[in-house]
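> just to be clear, the model below is a prediction. Sequence and coordinates:
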Amino acid sequence: MSVWFFLWLFLSGALLYFLGWTMFILLRQKQAWKIFAAQKKMRFKSTTFLGSPEISGTIDNRPVSFFVGEHLTADARSSRKLSAIEIKLASKMPIEGGIASGGMVALVQSLNLKEEIRPDHPNWDKNYIAVASNRAALAAYLTNERIEALTSLMKIRNGWVIVIFRGDVMLLRYDTPDPLDTLEKLNKILQKILDVAGILELKPGEEGLLKSEAAKKPAKQVNLSIDDRDLKEAGTFALEEEDKPTPAPQDPSKEKP
């Protein structure tokens with residue numbers, strides 16, 4: 001037998017193993033998600049045998065969704081599938097903006113928001129992004145507590161995080177290559193995201209404070225310099241009906257002969 005036959009046999013076996021393992025993980029994921037949805041009283045959906053599962057419903061009065069998102073690679077020639085958890089926060093931001101890590105940074109950049117900040121915090125990585133329609137309001141919103149909560153999620157290996165606030169909607173989403181194929185994994189990551197969501201939501205009265213920050217504008221510089229031409233023009237003006245001083249009378253004895 002030729003070496004090419006053994007090479008073909010090896011590649012065929014590797015391909016069959018990959019397909020078999022992928023199907024095993026998918027079925028295991030579906031089973032875990034279905035049980036999880038039943039425990040949380042959420043809706044479970046799986047349209048086809050090999051299709052990815054979906055979960056939707058409400059947890060702690062927040063709309064929550066589990067699904068498999070597809071992301072294009074940088075060269076747009078291929079894609080990768082990631083398990084995604086998305087939570088709608090119970091807050092309305094007075095500005096538009098986005099905060100992201102990993103592959104979600106490009107999505108936030110596409111929003112074309114020019115006001116970017118780089119928080120002075122040891123947990124903040126230079127590859128993260130935080131942009132908004134107003135820099136001052138975003139800086140006031142990103143307290144140390146919120147930065148620590150967000151970065152604790154961003155630093156999970158291979159995880160991508162994005163926070164979007166536009167109009168009446170504020171979303172927190174976490175994507176991971178982990179299929180989350182056990183109840184333990186699902187419960188652990190969900191609780192982590194819910195804890196972060198609670199910190200990200202606005203506190204009573206905070207919306208007004210952020211609006212005040214957004215309304216602030218830098219004081220205009222007052223120009224105290226005076227143009228020489230202005231001085232010349234000012235010199236042409238005179239007081240109207242100005243009384244001229246009366247000359248003092250001369251002493252006759254001092255008059256010249």
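That came through, no problem.

> which other helices and strands does the longest helix anywhere in the chain contact?
In the chain, assigned by DSSP state H, the helix with the most residues is helix 3-39. Contacts defined by 3 or more CB pairs under 8 Å, 6 or more residues apart in numbering; DSSP states H and E place helix 3-39 against strand 43-45, strand 54-59, helix 183-200. Every C-beta, even on glycine, is put in place using the N, C-alpha and C of the backbone.

> surely G98 touches I162?
Yes. Counting by CB atoms under 8 Å, I162 is a contact partner of G98 at 6.7 Å.

> and E70, what pLDDT?
What the model reports as pLDDT for E70 is 82.

> you'd agree it is up against S79?
Yes. Taking CB under 8 Å as the definition, E70 is a contact partner of S79 at 5.0 Å.

> hmm, back to that, quick check: neighbours shared by G98 and I162?
L107, V108 (CB atoms under 8 Å, 6 or more residues apart in numbering).

> what helix or strand is the residue nearest to the spatial centre of the chain located in?
Ranked by distance to the mean C-alpha position of the chain (CA atoms, centre = their mean), the top residue is I99 at 1.6 Å. Assigned by DSSP states H and E, I99 belongs to strand 97-100.

> what's the first helix or strand after that strand?
Sequence-wise, the next helix or strand downstream of strand 97-100 (DSSP H and E) is helix 105-109.

> packing partners of that following helix?
Judged by 3+ CB pairs under 8 Å, 6+ apart, the packing partners of helix 105-109 are strand 97-100, strand 129-132, strand 160-166.

> point out the most buried one among these.
strand 97-100 (a mean of 26; mean count of other CB atoms under 10 Å).

> could you list the residues in contact with that strand?
Residues outside strand 97-100 that contact it (CB under 8 Å, 6+ apart): 107-108, 111, 113, 115, 128-133, 138, 142, 150, 160-165.

> what's opposite F165 in the beta bridge?
Counting by DSSP bridges, F165 is bridged to G97, M170.

> is it true that it touches E96?
Yes. The pair F165 / E96 is scored as a contact, 6.5 Å apart, by CB under 8 Å.

> how many other residues sit next to I25?
Using other CB atoms under 10 Å, I25 has 12 other residues around it.

> then W124?
Neighbours of W124 using other CB under 10 Å come to 18.
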